[in-house]
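Undergrad: got a structure for you, letters missing:
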């Protein structure tokens, strides 16, 4: 079924060197980047004001604070991580979302919406998508990750619990034993990552001296949780094996926020405790800042869902029930229309390129919970809305310049995307960087498609997709989905733009550039 690279290298000494080498000639500050899933401005400030987040408070008071860091769209973790690591949008890195149609394999790729979805969609294939294909096939080989670029500079790097991690060094992934009963995966899979790669029980860094006491039992989500991330970071610091750049993921807050609501603060409080654990690995928190630059941020926001599932859910199977729909788990080409659902946004595919896009778009307007619909017409993108009779058209390279120095040609009803147009400037409001988001999402993979965006309070549903009643959700293009908070401590250098797509360039300059600061601003407290 699979084209596997053997998990056993012929040159074991070189493989060991790949996994264990963390020395470099770097003598300046290291960079520690901690991504707290769904860390948002209002929850961060609330826990600080209540005195429940001393580590975040310490970093915020001693650094720069950015309350509106813009995620890419669709605002799902795999696309976001791919954007951060490559410094490119989905049209270049080719990871279109959590769920998308791979026309070459004739199947819906899904990196983890629900277990029910995976069971219907072939559990083995879905597991292999995450374990191998995401980093080794789907992530565009023509763009480089920060791990690869740092390696070329002679600097070391590490990834702890991120599913997107591609680098130059060989690592072995160990398929958890409990998956034996439900998949026909091999016991080991070889992959490429940074110098240090930790992914729960799936792969433990060879360099860790005490890996027996890591929190990676079945009852601890086999290590895919905040405690494990902290423990690996602590051991690297204690052993004096900390890489020049370490990217650490704390996932728990997202799970709690989905279930409880975007105003829930318990997950941030817990994450702060684990962040304290990392800071406590140094002689003092002040020493931690003397030796490191800390970048702590959320990967996206979350929108508040309505209380009842029937009010929340935009059921795409019902909306398009007069078309021949591809059935989950069967070849997509057996139907005429298929869905790639990313919670608050969705791709609707014209599977056989039968010129259905205008028809599919117009049909979607029957549900006024859909905010807008976009699709490609030649070199232009057309956007329509249930509330507006006049369309919006835009394309790259025009007379209108946005806050990120991107230029656009724009015609029609700019109110659909809440654009503020004055002189030759276009400013975003409820949809940050939306022209770039729509254009790059539509060009992230080949099959003709429309892109649907849900209004706040709503989410898309089809078979296997969970709806979080009265909880939180993301994946859309609204500011509620996209805006996260970020703290940068230990440097006066500031990013050129406050977007996740610009973080790679910023980090590379922090680690490799001895010139003057990128900007003169030193604090936004």
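TA: Okay, I see it. The structure displayed is predicted, hence computed values, not measured ones.
Undergrad: Could you use CA atoms for every contact and neighbour count after this?
TA: OK.
Undergrad: where in the stretch 401-525 of the chain is pLDDT low?
TA: Counting by pLDDT under 70, the ranges of the stretch 401-525 of the chain that qualify are 514-525.
Undergrad: Enumerate the strands of it by residue range, in sequence order.
TA: Taking DSSP state E, counting those that start in this stretch as the test, the strands found in the stretch 401-525 of the chain are 407-412, 420-422, 425-427, 449-454, 459-461, 472-473, 483-489.
Undergrad: partner strands of the last one, parallel or antiparallel?
TA: By that I understand strand 483-489. Its sheet considered, strand 483-489 pairs with strand 63-70 (antiparallel), strand 292-297 (antiparallel) by DSSP bridges.
Undergrad: ok, back up a step: mind putting the strands of the stretch 401-525 of the chain into a markdown table with distance to residue 381 and mean neighbour count?
TA: Output for the strands of the stretch 401-525 of the chain, formatted as a markdown table (distance: least, C-alpha to C-alpha, whole Å; neighbours: other C-alpha atoms under 10 Å):
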| stretch | distance to residue 381 | mean neighbour count |
| --- | --- | --- |
| strand 407-412 | 10 | 17 |
| strand 420-422 | 18 | 13 |
| strand 425-427 | 17 | 18 |
| strand 449-454 | 10 | 26 |
| strand 459-461 | 22 | 27 |
| strand 472-473 | 26 | 28 |
| strand 483-489 | 24 | 26 |
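Undergrad: Residue 324: which of these is closest?
TA: Nearest to residue 324 among the strands of the stretch 401-525 of the chain is strand 449-454 (15.6 Å), distances taken as C-alpha to C-alpha.
Undergrad: Which elements pack onto that closest one?
TA: The criterion is 3 or more C-alpha pairs under 8 Å, 6 or more residues apart in numbering; DSSP states H and E, and the helices and strands that strand 449-454 contacts are strand 345-350, helix 357-364, strand 370-377, helix 434-442.
Undergrad: which residues touch it?
TA: The set of residues that contact strand 449-454 without belonging to it, under C-alpha atoms under 8 Å, 6 or more residues apart in numbering, is 344-350, 357, 360-361, 369-376, 438, 442, 460, 476-477.
Undergrad: Output the lowest mean pLDDT helix or strand found in this structure.
TA: helix 12-20 (a mean of 41; mean pLDDT, DSSP states H and E).
Undergrad: For the helix or strand that it is followed by, which outside residues touch it?
TA: Per DSSP states H and E, helix 12-20 leads on to strand 30-36 as the next helix or strand towards the C-terminus. Applying C-alpha under 8 Å, 6+ apart, the external contacts of strand 30-36 come out as 243-251, 253, 268, 271, 291-299, 507, 510-511.
Undergrad: which of these count as buried?
TA: When the contacts of strand 30-36 are checked for burial by 16 or more other C-alpha atoms under 10 Å, the buried set is 243-251, 253, 268, 271, 292-299, 507, 510-511.
Undergrad: Which of those residues fall in helices?
TA: 253, 268, 271, 507, 510-511 (DSSP state H).
Undergrad: now, which of those sits nearest residue 321?
TA: When these are compared for distance to residue 321 (C-alpha to C-alpha), residue 253 comes out closest, at 36.4 Å.
Undergrad: Once you drop chain neighbours, what's closest to the closest one?
TA: residue 267 (4.1 Å; C-alpha to C-alpha, 6 or more residues apart in numbering).
Undergrad: and residue 258, how many neighbours?
TA: Taking other C-alpha atoms under 10 Å as the criterion, the count of residues near residue 258 is 23.
Undergrad: what pairs with the residue lying closest to it once chain neighbours are set aside across the strands?
TA: If the residues on either side of it in the chain are set aside, residue 258 comes closest to residue 472, at 4.3 Å by C-alpha to C-alpha, 6+ apart. Each beta-bridge partner of residue 472 is listed here: residue 304, as defined by DSSP bridges.
Undergrad: give the contact list for residue 472.
TA: Taking C-alpha under 8 Å, 6+ apart, we find residue 472 in contact with 257-262, 302-305.
Undergrad: out of those, which is most surrounded?
TA: For the contacts of residue 472, the largest number of neighbours (other C-alpha under 10 Å) sits with residue 302, at 30 neighbours.
Undergrad: Double-check that residue against residue 262; I have them as touching.
TA: Yes - distance between residue 302 and residue 262: 5.7 Å, which falls inside the contact criterion (C-alpha atoms under 8 Å).
Undergrad: rewinding a little: the contacts of residue 472 in strands, which ones?
TA: In strands, defined here by DSSP state E, the members of the contacts of residue 472 are 303-304.
Undergrad: Closest one of the contacts of residue 472 to residue 112?
TA: When the contacts of residue 472 are compared for distance to residue 112 (C-alpha to C-alpha), residue 258 wins out at 14.6 Å.
Undergrad: picking up where we left off before, how about the ones in helices among the buried ones among the contacts of strand 30-36 in a markdown table, adding distance to residue 464?
TA: Below are those laid out as a markdown table (distance: C-alpha to C-alpha, whole Å):
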| residue | distance to residue 464 |
| --- | --- |
| 253 | 23 |
| 268 | 29 |
| 271 | 30 |
| 507 | 38 |
| 510 | 43 |
| 511 | 43 |
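Undergrad: out of the residues you listed, who's nearest residue 190?
TA: Each of those was scored against residue 190 by C-alpha to C-alpha, and residue 507 proved nearest at 27.9 Å.
Undergrad: ok, now which ones touch the closest one?
TA: By C-alpha under 8 Å, 6+ apart, residue 507 lies in contact with residue 31.
Undergrad: which intervals of the stretch 101-250 of the chain have sub-threshold pLDDT?
TA: Filtered on pLDDT under 70, the stretch 101-250 of the chain yields the residue ranges 113-115, 118, 177-184, 216-223.
Undergrad: hmm, 90 instead?
TA: Judged against pLDDT under 90, the low-scoring parts of the stretch 101-250 of the chain cover residues 112-128, 130-131, 174-189, 200-226.
Undergrad: just the strands in it please.
TA: Under the criterion DSSP E, counting those that start in this stretch, strands of the stretch 101-250 of the chain are mapped to 107-110, 157-160, 169-174, 188-193, 196-198, 245-250.
Undergrad: Most tightly packed of those strands?
TA: Using mean count of other C-alpha atoms under 10 Å, the stretch among the strands of the stretch 101-250 of the chain with the largest mean neighbour count is strand 196-198, at a mean of 30.
Undergrad: Show me what that one is packed against.
TA: Packing partners of strand 196-198 (3+ C-alpha pairs under 8 Å, 6+ apart): helix 12-20, strand 157-160.
Undergrad: is it true that residue 438 touches residue 374?
TA: Yes - between residue 438 and residue 374 there is a contact under C-alpha under 8 Å: 7.3 Å.
Undergrad: Which one's more surrounded, the two?
TA: Using other C-alpha under 10 Å as the criterion, residue 438 and residue 374 rank with residue 374 on top: 25 against 21.
Undergrad: Identify the residue nearest that one in space, chain neighbours excluded?
TA: Taking C-alpha to C-alpha, 6+ apart as the measure, residue 374 lies nearest to residue 383, with 4.4 Å between them; neighbours along the chain are not counted.
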